[in-house]
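In: Build me a structure from this.
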Amino acid sequence: MNKDVSVSTAVDELDLGDNFTFDQLVGAVQRSRRRRLRIVELADLGDQDGLCAVWLVADGEDLILHASSDSALHRQQFVLHELAHMILGHDANHDPEAPDFLLPDIPPQIRARLLRRQDLDTAEEVIAETLADRLAAAIRGSAMHNSRYLETFG
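Out: Residues are numbered from 1 along each chain as shown. Below is the predicted model of the structure:
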């Protein structure tokens with residue numbers, strides 16, 4: 001997908017329906033990208049440290065590193081935001097010319113993404129968060145459907 005794709009189109013292209021589990025979403029992203037995806041919590045990193053999560057593209061796999069949080073929903077949102085960047089194809093838009101004197105051992109694509117993280121009001125960040133919210137709603141819908149919540153509480 002490219003950055004101009006709408007959130008609705010992105011969700012439709014996942015072909016998961018209106019409600020799905022987190023694991024089904026991860027599987028769909030792996031199939032779409034034809035790459036393994038690992039999600040790792042960094043216990044020493046907290047959401048108060050300013051970096052909630054980062055997506056790294058490695059040889060043969062994608063890796064999402066995320067901060068710890070007391071809230072499972074908060075941790076899930078960190079990961080969903082990074083999954084949204086993958087789904088929207090934002091990795092294709094890195095600036096390979098980002099300065100290398102600060103982080104010389106980090107590949108240019110990753111360096112550019114890390115250095116951009118301070119500007120959370122960019123179009124890419126806003127649409128990624130919008131898609132993450134939509135994915136979270138679908139996951140909650142799946143949980144409620146599977147738990148008979150709607151049947152019980154209407």
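
In: Next, Leu135: secondary structure please.
Out: Here Leu135 is helix, with the state taken from DSSP: H, G, I helix; E, B strand; the rest coil.

In: Which residue is the nearest non-sequential neighbour of it?
Out: Counting by C-beta to C-beta, 6 or more residues apart in numbering, Leu135 lies nearest to Leu80, which is 4.9 Å off, once chain neighbours are set aside. All C-beta spots, glycine's among them, are computed from the backbone N, C-alpha and C.

In: Next: Gln30.
Out: Leu37 (5.0 Å).

In: what's near enough to touch the one you found?
Out: Listed by C-beta atoms under 8 Å, 6 or more residues apart in numbering, the contact partners of Leu37 are Val26, Val29, Gln30, Glu61, Asp62, Leu63, Ile64.

In: ditto for Leu16
Out: The neighbours of Leu16, taking C-beta under 8 Å, 6+ apart as the test, are Gln24, Leu25, Ala28, Ala138.

In: sorry, back to before: tell me what the residue nearest to Gln30 is bridged to.
Out: Leu37 forms beta bridges with Asp62, as assigned by DSSP bridges.

In: how near is it to Ile127?
Out: Distance, Leu37 to Ile127, by C-beta to C-beta, to the nearest Å: 20 Å.

In: repeat for Phe20
Out: 20 Å.

In: So how do I select the buried members of the contacts of Leu37 in PyMOL?
Out: To isolate the buried members of these in PyMOL, using 16 or more other C-beta atoms under 10 Å:
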select buried, resi 26+29+62+64
